[in-house]
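Enquirer: Dropping the sequence and predicted coords here.
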Amino acid sequence: MQQERASSPSGRWIDLEEVSKVSSLARLGLSEEELEGLARQLDQIVAAVAKLSEADVSGVDPTAQVGGLHNICRDDEPRPCLSAEAAIGNASQTSAGLLRVPAIQ
Amino acid sequence: MTLLEEPIPELARRLRRRQVSAVELARESLAQVERIDPGLGAFLRTTPELALAAAEEADRRLAADPEGSSPLCGIPLAYKDVLCTEGVETTAASQILRGFVPPYSATAVARLNALGAVPIGKVNCDEFAMGSSNENSSYQTTRNPWELDRVPGGSSGGSAVAVASRLVCAALGSDTGGSIRLPASFTGVVGYKPTYGRVSRYGLIAFASSLDQVGPLTKTVEEAALVLAAIAGPDPHDSTTLQEPVGDLLAGLEQGVRGLRLGIPREYLEVGIEAPVERVFESSVELLRGLGAEISEISLPTTEYALAAYYVIAPAEVSSNLARMDGVRFGPGAERAQSLRQAYETARHRGFGPEVRRRIALGTYALSSGYYDAYYLRAQKVRTLVAQDFAQAFEKVDAVISPTAPTAAFRLGERTADPLAMYATDILTLPANLAGVSGISVPAGFAEGLPVGLQVLGPSLGEAMCLRVARALERELEIWRQAPPLERVAA
């Protein structure tokens, strides 16, 4: 991973284009100036976490959770829950008991 | 001198004997907040009406059944603002949740309410609990009561300051990489991060779901055990809670450390611990040795990769968890947006502060195709090694001890421009979250006038062991009797 990066033309771990793409995927709505600042910081952070490439993880399984529990199911039966009114009580815009949002374009 | 100087068991005795009423305690707590907190900034909001109503109910219960009521009945508490409180604004210190009033309470909060505890209010934290200094709150600065130009630590800084300053008897915080233990160390209080799954996360606004745990911050170890016992245990609302019985967390508290094997990870002493902090740690070790503990050096070899693994895994979970913060179901929406995409982007741009943006971007990057294997998958494998390190260590020792953090409280503004320096603050606390093991920070002394904690890590479900070791040190030092010099900040 490090060799690959050292030969990248920008010499950076993560460039402005990648940060812009990530910001777009995450709907962060950042301006050009904010993206540039973020790119500089992310470059340093990614360089630091790239230390992971040095760890010997051959034959090691990934761990996603540490509780040791598997497939916890509950009975598929109706239970008391929030009313629809309470559930949407914090929404910024509602209409006829539903969430209201602008059109998808 | 305030009644709130007294530990909870003493206040509980007085409440049962009717020497003090819960209403008097609630009024005292609210008055302390009004008098002292403007100079500290721990509270985002107080809930006087709820507090007095709960206190009146607690007094009724104490009168009807003094011996049958919980030691927490009538005790003033504060809740970190990442815990949902029914009918009380809950913001996670973020603008994107400004005005959010949860329709239900977190299980940990509901359990304390049910025992008659008195909710004084919601306390400040880093935005969505992301930070180590409390400086990432989008609402206000919280100051360290020991030196006002210092940070209280984060992210449960408001919880720590409220307890250290005797504004309340105890507070709940949450710990994803050290967010209970670190501010406890920086402010001279006890902070407990339970075993993953020991306490329900229902109603805790999620930061990194595989790492988050709710836990208490208190003046004393016994108080931590009392609050932990009240909130721990299985919850049908959180399928990751462990089914094992909690057991009696108070029974073994005074057993001491004679014959216990305590391990010091050599790698933890190589992270650049500041000399005054190291001196406090060394004197704690000598004290525990003098009490009969068998101290040995151990190795947690994956420590050098733990920070990197954490700062991939936690942001990855952030990018997923915070996708729900879109201004549609809660928080200020975007008026007059032309499209749904624009509405999302406007709400999120207005709503998220710099650190939250950084972590969402980092996590999104680490999960994106082409980088997933190099970062996220690799970090998960390193996580396995970190957990194995601890499992092997706990075959040789009963508990692991270390300083809670490499430094005492640093100055406000000192690390805000350097995210990596801020992240390194958690280097001694976050491995426990990756492994899911239990841990406590207990006041161990002062480094140039600032409190520092000893961290005691125990195995999974090793709550009683952590509490017992911490109590042994506390019994010798009694640091909890020293309150910070608050005369300066009293209005």
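Expert: All right, it came through fine. Residues are numbered from 1 along each chain as shown, chains lettered A, B, ... in the order given.
Enquirer: ok, residue A:33 to residue B:353 distance?
Expert: According to Cβ to Cβ, to the nearest Å, residue A:33 and residue B:353 sit 16 Å apart. Every residue, glycine included, has its C-beta placed from N, CA and C.
Enquirer: ok, the two, which is more surrounded?
Expert: Using other Cβ atoms under 10 Å in any protein chain shown as the criterion, residue A:33 and residue B:353 rank with residue B:353 on top: 19 against 8.
Enquirer: Show the contacting residues for that one.
Expert: By Cβ atoms under 8 Å, 6 or more residues apart in numbering or on different chains, the residues touching residue B:353 are B:94, B:95, B:127, B:136, B:138.
Enquirer: Next, name the residue at the spatial heart of chain A.
Expert: residue A:26 (6.7 Å; Cα atoms, centre = their mean).
Enquirer: from what I can see that one touches residue B:365, true?
Expert: No - contact criterion Cβ atoms under 8 Å: residue A:26 and residue B:365 do not qualify, at 9.3 Å.
Enquirer: where does the chain have low pLDDT?
Expert: You didn't pick a chain, so chain A it is. Applying pLDDT under 70 to chain A flags residues A:1-10.
Enquirer: right idea, wrong chain: chain B
Expert: If you take pLDDT under 70 as the line, chain B has these spans: B:491.
Enquirer: burial measure for residue 70, as a count.
Expert: Going with chain A. 6.
Enquirer: meant chain B actually
Expert: Residue B:70 has 19 nearby residues by other Cβ under 10 Å.
Enquirer: contacting residues for it?
Expert: Residue B:70 neighbours (Cβ under 8 Å, 6+ apart): B:115, B:116, B:117, B:230.
Enquirer: can we see that at 7 Å?
Expert: B:115, B:116 (Cβ atoms under 7 Å, 6 or more residues apart in numbering or on different chains).
Enquirer: do the same with residue B:144
Expert: B:150, B:151, B:152, B:186, B:187, B:409.
Enquirer: quick one: which of those has the most company?
Expert: That'd be residue B:186 among these, by other Cβ under 10 Å, with 35 neighbours.
Enquirer: you'd agree that residue is up against residue B:156?
Expert: No - using Cβ atoms under 7 Å, residue B:186 is not in contact with residue B:156, being 10.5 Å away.
Enquirer: Most proximal residue of the stretch 301-450 of chain B with respect to chain A?
Expert: Per Cβ to the nearest Cβ, residue B:333 is where the stretch 301-450 of chain B lies closest to chain A, at 2.7 Å.
Enquirer: What's the local residue count around that residue?
Expert: 22.
Enquirer: From residue B:347, how far out is it?
Expert: Note on residue B:333: its distance to residue B:347, by Cβ to Cβ, is 6 Å.
Enquirer: okay, and the common contacts of the two?
Expert: The contact lists of residue B:333 and residue B:347 share residue B:327, where a contact means Cβ under 7 Å, 6+ apart.
Enquirer: tell me which element residue B:281 falls in.
Expert: Under the criterion of DSSP states H and E, residue B:281 resides in helix B:275-290.
Enquirer: How far does that helix sit from its chain's centre?
Expert: 24 Å (Cα atoms, centre = their mean, to the nearest Å).
Enquirer: And it, what's buried?
Expert: Across helix B:275-290, burial judged by 16 or more other Cβ atoms under 10 Å in any protein chain shown covers B:276, B:277, B:280, B:281, B:284, B:285, B:287, B:288.
Enquirer: residue boundaries of the strands in chain A?
Expert: A:94-95, A:98-99 (DSSP state E).
Enquirer: Tell me which of those strands lies nearest to chain B.
Expert: strand A:98-99 (5.8 Å).
Enquirer: what lines up beside that closest one in the sheet?
Expert: strand A:94-95 (antiparallel) (DSSP bridges).
Enquirer: neighbouring contacts of the strand it pairs with?
Expert: With Cβ under 7 Å, 6+ apart, strand A:94-95 has contacts from A:88, A:100.
Enquirer: just checking, what packs against whichever strand or helix holds residue B:29?
Expert: According to DSSP H and E, residue B:29 maps onto helix B:22-36. Here helix B:22-36 touches strand B:43-46, helix B:48-64, strand B:76-80, strand B:118-123, going by 3 or more Cβ pairs under 7 Å, 6 or more residues apart in numbering or on different chains; DSSP states H and E.
Enquirer: Only the C-alpha atoms, please, for that helix, written as PDB.
Expert: The C-alpha trace of helix B:22-36 is given here as PDB (Å, rounded to 0.1, in the frame of the first residue of the first chain):
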ATOM      1  CA  ALA B  22     -35.100  14.900  48.200                       C
ATOM      2  CA  VAL B  23     -36.700  18.300  47.500                       C
ATOM      3  CA  GLU B  24     -34.000  20.000  49.600                       C
ATOM      4  CA  LEU B  25     -31.300  18.100  47.700                       C
ATOM      5  CA  ALA B  26     -32.800  19.000  44.300                       C
ATOM      6  CA  ARG B  27     -33.000  22.600  45.300                       C
ATOM      7  CA  GLU B  28     -29.500  22.500  46.500                       C
ATOM      8  CA  SER B  29     -28.300  21.000  43.300                       C
ATOM      9  CA  LEU B  30     -30.200  23.500  41.100                       C
ATOM     10  CA  ALA B  31     -28.900  26.400  43.300                       C
ATOM     11  CA  GLN B  32     -25.300  25.100  42.900                       C
ATOM     12  CA  VAL B  33     -25.700  25.000  39.200                       C
ATOM     13  CA  GLU B  34     -27.100  28.500  39.100                       C
ATOM     14  CA  ARG B  35     -24.300  29.800  41.400                       C
ATOM     15  CA  ILE B  36     -21.300  27.900  40.000                       C
END
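Enquirer: Now do the buried residues in that helix.
Expert: B:22, B:23, B:24, B:25, B:26, B:27, B:28, B:29, B:30, B:32, B:33, B:36.
Enquirer: gap between the residue nearest to residue B:76 when sequence neighbours are not counted and residue A:96?
Expert: Spatial nearest neighbour of residue B:76, excluding adjacent residues (Cβ to Cβ, 6 or more residues apart in numbering or on different chains): residue B:29 at 3.8 Å. Counting by Cβ to Cβ, the gap from residue B:29 to residue A:96 is 44 Å.
Enquirer: ok, the residue sitting nearest the centre point of chain B - contacts?
Expert: Note on chain B: the residue nearest the mean C-alpha position is residue B:180, at 2.2 Å, using Cα atoms, centre = their mean. Contacts of residue B:180 were listed using Cβ under 7 Å, 6+ apart, and they are B:156, B:173, B:174, B:191, B:192, B:193, B:215, B:217.
Enquirer: go with 10 Å
Expert: By Cβ atoms under 10 Å, 6 or more residues apart in numbering or on different chains, the contact set of residue B:180 is B:80, B:153, B:155-156, B:159-160, B:171-174, B:189-194, B:213-217, B:224, B:429, B:439-441.
Enquirer: Am I right that residue B:361 falls within a strand?
Expert: No - Residue B:361: not assigned to a strand; according to DSSP: H, G, I helix; E, B strand; the rest coil it is helix.
Enquirer: Pull the number of nearby residues for it.
Expert: Residue B:361, neighbours per other Cβ under 10 Å, totals 28.
Enquirer: ok, of the contacts of residue B:144, which one's closest to chain A?
Expert: Checking the contacts of residue B:144 one by one against chain A (Cβ to the nearest Cβ), the nearest turns out to be residue B:151, at 20.0 Å.
Enquirer: Spatially nearest residue to that closest one, not counting backbone neighbours?
Expert: residue B:133 (3.9 Å).
Enquirer: and the gap between that neighbour and residue B:390?
Expert: Taking Cβ to Cβ, one finds residue B:133 at 27 Å from residue B:390.
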